[in-house]
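**Q** With the input below, show me the fold.
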Amino acid sequence: MARTASNRVAAGIPAAAGLTSRQREAIAGYFFVLPDALGLLVFIGIPMILALAMAFFDVDGFGGYRFVGIRNYQRLAADPLFWKSFRVTATYVLWLVPALYVSGLGLALLVKRTNAFNGLMRSLFFMPQMVSLVVVALVWQVLAVDKIGVIPRLVSALGLGSFSFLGDPQLALFAVIFVSVWFLMGFYMLIFLGGLQDIPSEYYEAARIDGAGPLQSFWYITLPLLRPTSFFVLIVSMVAAVAGAQTFDLVYVMTRGGPANSTMMTIYYIYQQAFQYNAFGYAGALASILVLALMGITIVLFVFTRGGRFNYE
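**A** Numbering: from 1, shown residues only. Here you go, the predicted model:
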């Protein structure tokens with residue numbers, strides 16, 4: 001009885017409210033979520049709505065607004081640079097998301113056991129997350145710069161030829177993908193570690209008794225029980241690949257969208273239109289298409305994977 005009264009006081013609900021325990025827990029949960037929900041609404045939700053509304057105006061950035069209807073979308077449909085940026089972004093996503101999944105899960109399996117050495121390795125793998133992305137981009141730019149960079153000189157010394165990793169349109173995007181994976185894989189390693197530690201060790205012991213090897217245990221125990229974690233990793237890494245900080249920062253510092261627009265991500269093209277050409281209305285139209293594409297992909301993933309939930313039938 002005293003515990004029930006204390007729960008009501010903690011939730012800020014009068015004792016005479018006549019609510020069930022489930023209702024009181026739900027109301028308390030809403031109060032806990034309310035501060036974050038307000039922050040998302042004020043700092044993300046409202047700006048997104050304003051950006052979408054801006055797509056129907058010609059905005060010069062100096063207080064001038066002129067309604068133009070769907071003219072920005074008509075311009076977008078005929079803009080070859082937008083479609084080029086869209087293809088580059090799609091290529092980036094198709095390479096980055098699987099690479100992050102494989103590298104994150106692989107590192108998590110390597111350092112799964114809890115000991116001093118694995119603790120050190122976890123810290124080293126996660127360490128790039130502690131460094132500013134601008135610093136990361138500058139360091140890798142210096143390492144990969146043509147002829148005098150450490151990486152080109154090392155490749156040349158090994159007799160593999162001369163490569164311009166940031167100056168060749170065929171290689172620049174893959175250089176950005178490599179740095180992105182190096183920077184992010186430690187973060188996804190920790191997420192997979194959490195999922196791996198939730199799998200009971202009894203399952204693996206029973207599999208060993210039945211004669212299953214490491215590969216069979218991984219395929220029939222680890223992967224199926226990592227479905228919720230895998231779904232979370234796929235969603236988060238996809239959003240990061242489309243509109244994450246590294247998508248813009250690395251491109252801005254390392255390549256500026258070049259050479260020959262080979263690393264021109266859609267998010268960087270939106271930045272150019274808004275802050276270099278003052279075409280804020282057109283940038284809003286570009287952003288709305290990017291958001292709709294991201295939402296569409298997310299919905300498809302939810303439908304086909306059931307949100308990563310287990311099937312108990």
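**Q** Kindly list the longest helix within the protein.
**A** helix 80-110 (DSSP state H).
**Q** Could you tell me which residues within it count as buried?
**A** Buried residues in helix 80-110, defined by neighbour count with 16 or more other C-beta atoms under 10 Å: 82, 84-86, 88-89, 92-93, 95-97, 99-101, 103-105, 107-109. The way it works is simple: take the backbone N, C-alpha and C, and place the C-beta from them, glycine included.
**Q** Remind me what it packs against, helices and strands.
**A** Judged by 3 or more C-beta pairs under 8 Å, 6 or more residues apart in numbering; DSSP states H and E, helix 80-110 is in contact with helix 116-126, helix 172-197, helix 227-243, helix 266-271.
**Q** Dump these to JSON lines, plus distance to Val136.
**A** What follows is the helices and strands packed on helix 80-110, written out as JSON lines (distance: least, C-beta to C-beta, whole Å):
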{"stretch": "helix 116-126", "distance to Val136": "14"}
{"stretch": "helix 172-197", "distance to Val136": "6"}
{"stretch": "helix 227-243", "distance to Val136": "15"}
{"stretch": "helix 266-271", "distance to Val136": "17"}
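**Q** Can you tell me which of those is most buried?
**A** helix 266-271 (a mean of 22; mean count of other C-beta atoms under 10 Å).
**Q** Give me the distance between that one and the centre of its chain.
**A** 16 Å (C-alpha atoms, centre = their mean, to the nearest Å).
**Q** same question, stretch 110-126
**A** The answer for stretch 110-126 is 23 Å, by C-alpha atoms, centre = their mean.
**Q** Stretch 21-34 too?
**A** 30 Å.
**Q** picking that back up, can you lay out the helices and strands packed on helix 80-110 as CSV showing mean pLDDT and distance to Phe165?
**A** Converted to CSV, the helices and strands packed on helix 80-110 look like this (pLDDT from 0 to 100; distance: least, C-beta to C-beta, whole Å):
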stretch, mean pLDDT, distance to Phe165
helix 116-126, 90, 23
helix 172-197, 94, 5
helix 227-243, 91, 20
helix 266-271, 94, 19
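**Q** I appreciate the help and will end here.
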